[in-house]
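With the sequence up front, the predicted model follows.
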Amino acid sequence: MEKKLSKLTVWIFLLCSIFLTSCKGTSKSNIITGEWNDNIFTNTWSNITFELPFTYEAIHLNELGSIPGQTNDFFLLNEDQTANITVMYVDLLYQNQQNLSTEEYLNTVKQQLANSKNKDYNFASNFENVFIAEEEYLMLHSEFYFKEFSTEGTNYQDGYARKFDNAIIVFLVCYSDETKDYVDSFLSSIKRIK
């Protein structure tokens with residue numbers, strides 16, 4: 001588990017810390033996390049459900065810690081640790097940013113990642129409109145060179161975001177060339193509940 005969590009640090013906490021490092025206040029949103037029933041995940045608030053793919057394991061989010069104004073819903077890691085997927089909710093009321101648009105949020109994420117000393121990110125020139133569980137998201141695509149332990153090569157990080165109920169729902173997806181098809185298949189398997 002320590003090896004897995006060390007790899008998660010860059011993926012999760014870079015994005016989780018966006019907007020939150022200088023915020024003060026208490027959570028004011030009605031964000032509700034989902035539940036696992038065997039290998040089925042359901043979140044009635046964000047209106048998504050999916051079956052855990054057999055090649056992934058779910059990491060309990062309490063192992064990742066928490067950041068004020070940020071709610072993590074689930075984290076999935078594939079068996080060879082070359083892809084991971086998480087869903088998090090950014091509480092806009094906590095940050096007094098309820099008028100912030102999805103595009104403004106992603107532009108801020110892009111700027112924060114571009115200024116990061118941890119990775120050298122290359123970004124797509126435009127956001128892409130994509131659908132997850134029949135809802136429209138804006139996607140920020142980036143790629144970077146990765147080297148840790150005996151693993152190295154080009155990796156990709158996509159942030160899918162949409163504004164919902166005074167929050168920004170973010171799917172953060174990290175993958176390699178070898179795992180892109182698995183990630184795409186998983187994202188297309190997420191269903192709308194209602």
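Happy to help now that I have it. Keep in mind that what you see is a predicted model, and the values were worked out from it rather than measured. Numbering: from 1, shown residues only.

Every contact and neighbour count from this point should use C-alpha atoms.
OK.

Please state the offset of the longest helix seen in the chain from the chain centre?
Ordering each helix of the chain by length in residues (DSSP state H) puts helix 102-114 first. Put simply, helix 102-114 sits 13 Å off its chain's centre (C-alpha atoms, centre = their mean, to the nearest Å).

Listing request: residues of the protein with sub-threshold pLDDT.
1-29, 60-66, 117-119, 146, 148-151 (pLDDT under 70).

Run through the strands of it in chain order.
35-37, 40-43, 48-51, 56-59, 70-78, 84-91, 122-123, 128-132, 135-148, 151-164, 167-176, 191-192 (DSSP state E).

Grab the nearest non-local neighbour of the residue positioned nearest the centre of the chain.
Of all residues in the chain, the one closest to the mean position by C-alpha atoms, centre = their mean is residue 172, 2.3 Å from it. Nearest residue to residue 172 in three dimensions, chain neighbours excluded: residue 159, at 4.7 Å (C-alpha to C-alpha, 6 or more residues apart in numbering).

Just list the residues touching the one you found, thanks.
Residue 159 is in contact with 139, 140, 141, 170, 171, 172, 173, counting by C-alpha atoms under 8 Å, 6 or more residues apart in numbering.

Enumerate the positions of stretch 90-107 that are buried.
Using 16 or more other C-alpha atoms under 10 Å as the test for burial, stretch 90-107 gives 90, 91, 92, 93, 94, 95, 102, 103, 105, 106.

Can you spell out which residues form a bridge with the second one?
The partner list for residue 91 in beta bridges (DSSP bridges) reads residue 167.

quick one, what contacts the nearest residue to residue 158 once chain neighbours are set aside?
Counting by C-alpha to C-alpha, 6+ apart, residue 158 lies nearest to residue 141, which is 4.5 Å off, once chain neighbours are set aside. Counting by C-alpha under 8 Å, 6+ apart, residue 141 makes contact with 123, 124, 127, 156, 157, 158, 159.
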